[in-house]
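Peer 1: Mind folding the following:
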Amino acid sequence: RINFSRVSEEKQGQVNWVWSPQVVWSPGDGRYVGQVNMHLPDAWGHLIFANEAGQLLDGSDAQDFVDPTFAARHACACVYYACRAFHEANGRFP
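Peer 2: Below you'll find the predicted structure:
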């Protein structure tokens, strides 16, 4: 996982550009929401190395890559963000 952000000063103020969509689970909304925040590693993109034909070492197409740990990481992130939301609303953790 990797992330990259570029902040530039423009006429309309600071513009924060990121190379991949940054979305995190929002328990209050019950869905993923976009956030530009370099300190959310669960929202970072994947850097995939492939050959000139776009294939991985096992011969599969790099565009078909699926993170094998996604289900476990997703479950952990849901618990984490739910606990944070509970703490913000109640001043304590569940």
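
Peer 1: in stretch 68-79, what counts as buried?
Peer 2: Ala77 (16 or more other C-beta atoms under 10 Å). From N, CA and C alone the C-beta is placed, and that goes for glycine too.

Peer 1: which residue packs closest to the residue positioned nearest the centre of the chain, ignoring adjacent ones?
Peer 2: Of all residues in the chain, the one closest to the mean position by C-alpha atoms, centre = their mean is Ala43, 1.0 Å from it. Residue nearest to Ala43 in three dimensions, not counting chain neighbours: Gln22, with 4.0 Å by C-beta to C-beta, 6 or more residues apart in numbering.

Peer 1: Can I get stretch 62-74 in PDB? Just the C-alpha atoms.
Peer 2: Only the C-alpha atoms of stretch 62-74 are listed here, as PDB (Å, rounded to 0.1, in the frame of the first residue of the first chain):
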ATOM      1  CA  ALA A  62      -2.700  -6.900 -13.100                       C
ATOM      2  CA  GLN A  63      -6.100  -5.100 -13.600                       C
ATOM      3  CA  ASP A  64      -7.800  -8.100 -12.000                       C
ATOM      4  CA  PHE A  65      -5.800  -7.800  -8.700                       C
ATOM      5  CA  VAL A  66      -7.900  -8.200  -5.600                       C
ATOM      6  CA  ASP A  67      -6.400  -7.700  -2.200                       C
ATOM      7  CA  PRO A  68      -6.600 -11.200  -0.500                       C
ATOM      8  CA  THR A  69      -6.700  -9.500   3.000                       C
ATOM      9  CA  PHE A  70      -9.600  -7.100   2.100                       C
ATOM     10  CA  ALA A  71     -12.300  -9.000   4.000                       C
ATOM     11  CA  ALA A  72     -10.300  -9.000   7.300                       C
ATOM     12  CA  ARG A  73      -9.100  -5.500   6.900                       C
ATOM     13  CA  HIS A  74     -12.600  -4.300   6.100                       C
END
